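Q: Fold the following, please.
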Amino acid sequence: NPKGKNQYQHCSSKNDRLIQQILTQCHCDNITNRAKISHLLEAEHGITMSEATVARCWKQFGLLGSGQLTCSLPDSTRWQLVLDQLAQDPLHRHSPCLV
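A: This is a model prediction of the structure:
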């Protein structure tokens, strides 16, 4: 589709800035469930988007879940995050395995 015109009237275009802003806000609010995001888009913004399309948009905009983000971090950064969490435990009840 070279002109970018979508045959489905209720769907937004591929590079819609509003969709990107909404998904980025959901990412900041730690809402990562595709079904929940799909329902929020429908209820709050009147945008119909399937769960698979939500996942494609997340990937397109470079948004990562916590597991993917943690795996993409270098080992030194991961260890520093663990040490920072351990430093916040004044009674030393947690071990690195629990953090």
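Q: Can you measure across stretch 28-45, start residue to end residue?
A: 18 Å (CA to CA, to the nearest Å).
Q: helices and strands of this structure: which one has the lowest mean pLDDT?
A: Least confident helix or strand, the chain: helix 66-72 with a mean of 74, by mean pLDDT, DSSP states H and E.
Q: where's that one relative to the chain centroid, distance-wise?
A: How far helix 66-72 lies from its chain's middle: 11 Å, per CA atoms, centre = their mean, to the nearest Å.
Q: next one: stretch 56-75
A: 8 Å.
Q: Check what contacts that stretch and list those residues.
A: Lys14, Ile19, Gln20, Leu23, Thr24, His27, Thr32, Met49, Arg78, Leu81 (CB atoms under 8 Å, 6 or more residues apart in numbering). C-betas here are computed from N, CA, C, even on glycine.
Q: For burial, what's the neighbour tally of the closest residue to the last one other than its chain neighbours?
A: Closest residue in space to Leu81, ignoring its immediate chain neighbours: Leu73 at 7.8 Å, by CB to CB, 6 or more residues apart in numbering. Counted with other CB atoms under 10 Å, the burial measure for Leu73 works out to 12 neighbours.
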